[in-house]
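# curious how this folds, go ahead:
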Amino acid sequence: MKISIITVSFNSEKTIKDTIESVLSQTYNNIEYLIIDANSSDATIKIINSFGNKIDYFISESDNGIYDGMNKGIKQASGDVIGILNSDDIYENNYIIEEVVTSFLNNEKDILYGDLVYIDSKSNNLIRYWKSGFYNRKLLRMGWMLPHPTLFVRRDIYMKYGYYSDKLKSAADYEMMIRLLYKHECSAYYLAKVMVKMKTGGYSNKSIFNRIRGNKEDVMAWKLNGYSPSFLLRLYKPLTKVKQFLNRP
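Residues are numbered from 1 along each chain as shown. Down below sits the predicted model:
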């Protein structure tokens, strides 16, 4: 089984090296690694180029946002399964992709996901623990969401059900989960372990304005799929984030 991993970057000179090394150090050897850069103006491109042909595909050009970059990567990817690792994230250990492959082979599911921890970008101290839990259709209706950097999807599922929406700026990953899990009822496997470490400062969490826009986009994500969002959505989704500060692996 071939695994394609996509990293989308923009001015990521402080973190991109760790992200790349996290992928290249995986013990599973049938990995295709693609980096889609949005025309960075700092040292990001220089750092990426320093890895030479260890990167299977690299392009740097202007785009229409992070999800546009993801879509470019998906269209270019040739693996059986596709994962997306952000340019400031790293895998928990060197065996994660081996476990992903084993789980796909043993369970024959459409998608796979796991748990994620947020760490302080300077101290590496644990900030939040995102324990996904098993997929529940009713909870998704109320705002449950799996951590996008832990999501692995069979390539033919993307080909069948489409790419990330260009109508959303910060919730296209949430919309994708609604589309795949709720609308089309794709089968999912929960790998019950921490798969990814994310450094604090994700796009949708950077400011109050972005959080407000994110809440509005959560509602739009349901409407794009032909559903009216649950009245509990605006309450339940923020509460799950509060719980992440209290949980520990």
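
# quick one, helices of this structure?
Remark: helices assigned in the chain by DSSP state H are 16-24, 44-49, 66-76, 96-107, 137-142, 155-161, 172-177, 208-224, 233-246.

# so where's this structure uncertain?
201-214, 232, 234-239, 242-243, 246 (pLDDT under 70).

# returning to that earlier point: distance to L116 and mean neighbour count added to the helices of the chain, as JSON lines?
In short, each C-beta sits where N, CA and C put it, glycine included. Output for these, formatted as JSON lines (distance: least, Cβ to Cβ, whole Å; neighbours: other Cβ atoms under 10 Å):
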{"stretch": "helix 16-24", "distance to L116": "14", "mean neighbour count": "19"}
{"stretch": "helix 44-49", "distance to L116": "23", "mean neighbour count": "18"}
{"stretch": "helix 66-76", "distance to L116": "17", "mean neighbour count": "20"}
{"stretch": "helix 96-107", "distance to L116": "12", "mean neighbour count": "17"}
{"stretch": "helix 137-142", "distance to L116": "17", "mean neighbour count": "14"}
{"stretch": "helix 155-161", "distance to L116": "21", "mean neighbour count": "14"}
{"stretch": "helix 172-177", "distance to L116": "13", "mean neighbour count": "23"}
{"stretch": "helix 208-224", "distance to L116": "17", "mean neighbour count": "16"}
{"stretch": "helix 233-246", "distance to L116": "9", "mean neighbour count": "13"}
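
# same list, the ones you listed, but as a markdown table with distance to H184 please.
Listed next are those as a markdown table, based on distance: least, Cβ to Cβ, whole Å:
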| stretch | distance to H184 |
| --- | --- |
| helix 16-24 | 29 |
| helix 44-49 | 35 |
| helix 66-76 | 17 |
| helix 96-107 | 18 |
| helix 137-142 | 12 |
| helix 155-161 | 6 |
| helix 172-177 | 11 |
| helix 208-224 | 14 |
| helix 233-246 | 20 |
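
# of all those, which one is nearest F58?
Set against F58 and scored by Cβ to Cβ, these come closest in helix 44-49, at 5.9 Å.

# so which elements touch that closest one?
helix 16-24, strand 31-37, strand 57-60 (3 or more Cβ pairs under 8 Å, 6 or more residues apart in numbering; DSSP states H and E).

# of all the helices of the chain, which one comes closest to D89?
Closest among the helices of the chain, using Cβ to Cβ: helix 16-24, at 6.2 Å.

# between that closest one and strand 31-37, how many degrees?
Between helix 16-24 and strand 31-37, the angle comes out at 160 degrees (axes from the mean of the first three to the mean of the last three Cα atoms, to 10 degrees).

# OK, contacts around the closest residue to K109 other than its chain neighbours?
Closest residue to K109 apart from its sequence neighbours, by Cβ to Cβ, 6 or more residues apart in numbering: Y189 at 4.1 Å. Counting by Cβ atoms under 8 Å, 6 or more residues apart in numbering, Y189 makes contact with S103, F104, N107, K109, I111, L112, Y113.

# make it 6 Å
S103, N107, K109, L112 (Cβ atoms under 6 Å, 6 or more residues apart in numbering).

# okay, the second one and V101: tell me how far apart.
If I follow you right, that is N107. 11 Å (Cβ to Cβ, to the nearest Å).

# gap between the residue nearest to K109 and R141?
From Y189 to R141 the distance is 21 Å (Cβ to Cβ).

# check V219 too.
Taken as Cβ to Cβ, the span from V219 to R141 is 13 Å.
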